[in-house]
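Asks: What follows is a predicted protein model with its sequence.
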Amino acid sequence: AAAAAAAAGTAMAPMDIPAAQSGTSTGTCSSFNSAKGYGFIDVAGKTIFVHNSDCEAGKQPKVGDLLTFTIEPRINNPEQLRAKNVTGCTAPRESAAGPGFAGPVEGTGAHTGAVKAFGSKGFGFITLEDGSGVDVFFNVKDCVGSKPAVGDKVKFDLIDSKNKPGQKQATNITGGTLPLDQWGKGDWGKGNACGGWGPMWGGKGMMEGNWGMGG
């Protein structure tokens, strides 16, 4: 019986984090890659993903920082957890793009959402944060000042689709954490590379219909 209980406890361990998804948590930054803009936080032996776009303005964590944050499932991998609203960072934020990129601009878009996918051909999807769960198509040509990585929170406006009459797409998109001229680096295309849009995005609520499904 003891062995069974231990086994059951082990099975629950990956999600057994106090206050996860219901309040604030604290943990220590165990690693952070400034070139890629992300790292990991240790919370009682559990590992939480952290991206600099989820940290307080102008800062990023460094190893050893004691951080306070909320926790939610990662958008592209709900089995893993991600830190949001991170405070306690002691290092100035560095741009993954190097000199010449000042970071995301503060936008004026009427809508907000999290980037769900962005492929190497310059288009992707944003999940609206209005509770509808709708995924909105966007093209990198409609980004302002920067372009997003998966998980970035962005502002945008909605316009009639240029290719799908009667449907909407995002424009005036701001808040991306990568420069407009950076392609094929980091997580671009992982699990959502071009050619794979059809199987992933033919489901519920997608404003741009069957993009990439052919025909």
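Replies: Yes, it's here.

Asks: what are the ranges of the helices in the protein?
Replies: With helices called from DSSP state H, the chain shows them at 2-12, 197-201.

Asks: quick one: which of these has the weakest pLDDT on average?
Replies: Note on the helices of the chain: lowest mean pLDDT is at helix 197-201, with a mean of 36.

Asks: mind checking how far the residue nearest to residue 166 when sequence neighbours are not counted is from residue 170?
Replies: Leaving aside its chain neighbours, residue 166 sits nearest to residue 160 (7.9 Å; criterion: Cβ to Cβ, 6 or more residues apart in numbering). In short, each C-beta sits where N, CA and C put it, glycine included. Note on residue 160: its distance to residue 170, by Cβ to Cβ, to the nearest Å, is 12 Å.

Asks: Grab the nearest non-local neighbour of residue 34.
Replies: Closest to residue 34 by Cβ to Cβ, 6+ apart is residue 94, at 4.5 Å.

Asks: higher neighbour count, residue 160 and residue 170?
Replies: Between residue 160 and residue 170, counted using other Cβ atoms under 10 Å, the more crowded position is residue 170 (27 against 11).

Asks: beta partners of the more buried one?
Replies: residue 158 (DSSP bridges).

Asks: That one against residue 142, yeah?
Replies: Yes. Using Cβ atoms under 8 Å, residue 170 makes contact with residue 142 at a distance of 6.4 Å.

Asks: what is in contact with those two at once?
Replies: Counting by Cβ atoms under 8 Å, 6 or more residues apart in numbering, the shared contacts of residue 170 and residue 142 are residue 156.

Asks: Quick one, grab the pLDDT at residue 125.
Replies: 95.

Asks: quick one: it and residue 133 touch, right?
Replies: No. Look at residue 125 against residue 133 with Cβ under 8 Å: they stay out of range, at 11.7 Å.

Asks: Cheers, nothing more for now.
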